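One predicted model, sequence on top.
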Amino acid sequence: HGACAGFPRTLGQAEALDGICELDLVISLNIPFETLKDRLSARWVHPASGRVYNMDFNPPHVQGVDDLTGEPLVQREDDRPEAVAARLRKYKDAAKPVIELYKSRGILHSFSGTETNKIWPYVYTLLSSKIPPILSDEE
């Protein structure tokens, strides 16, 4: 869970995956650093209940306070902008050789953008061209 989802994330994981299966397609989503940082830092929590708010997608009715109790919301240490920035840099460093590996094999497809709904049609088109359609019994 979290924005740095995806697999494999390290060269070690990529090598382990090679032992299990042969990849023929790898998708890399390039989202600007600032966009990721802002999104990850938008998460605030009500500690007593564990309720999670996201300032972009499901903000509290009143900024900074829990909807039900009116108690203050807090930001987890690892959701603070500087912690998020450090996490993203670490992730990028680890992922770089993985990206290079798949690029050298000619199976890497990169997509750039800030919104899933704008990137998805391009990803869908690529996948549709690579995966044969499933035919029903009547066809």
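Cool, the structure landed.

can you give me the strands for this protein?
Listed in chain order, the strands of the chain (DSSP state E) span 26-30, 43-46, 51-54, 108-112.

if we compare the ones you listed, which one ends up closest to residue 74?
Evaluated over the strands of the chain, closeness to residue 74 peaks at strand 43-46, with 5.9 Å, by Cβ to Cβ. Bear in mind the C-beta positions are built from the backbone N, C-alpha and C, glycine included.

Now do that closest one: distance to the chain's middle.
Relative to its chain's centre, strand 43-46 lies at 19 Å (Cα atoms, centre = their mean, to the nearest Å).

Contacts made by it with the rest, please.
51-55, 60, 64, 66, 68-69, 71, 73-76, 79 (Cβ atoms under 8 Å, 6 or more residues apart in numbering).

can you put the strands of the chain in TSV and add distance to residue 10?
Shown next, in TSV, are the strands of the chain (distance: least, Cβ to Cβ, whole Å):
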stretch	distance to residue 10
strand 26-30	14
strand 43-46	25
strand 51-54	28
strand 108-112	16
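
biggest helix in this structure by residues?
helix 81-104 (DSSP state H).

Need the mean per-residue confidence for that helix.
For helix 81-104, mean pLDDT rounds to 94.

List of residues touching it?
Contacts of helix 81-104 (Cβ under 8 Å, 6+ apart): 4, 8-11, 13-14, 23, 26, 28, 33, 36-37, 40-41, 77-78, 108.

what's the answer for stretch 67-79, then?
With contact meaning Cβ under 8 Å, 6+ apart, stretch 67-79 is reached by 40-41, 43-49, 51, 53, 60-62, 64-66, 83-84, 87.

Many thanks, we can stop here.
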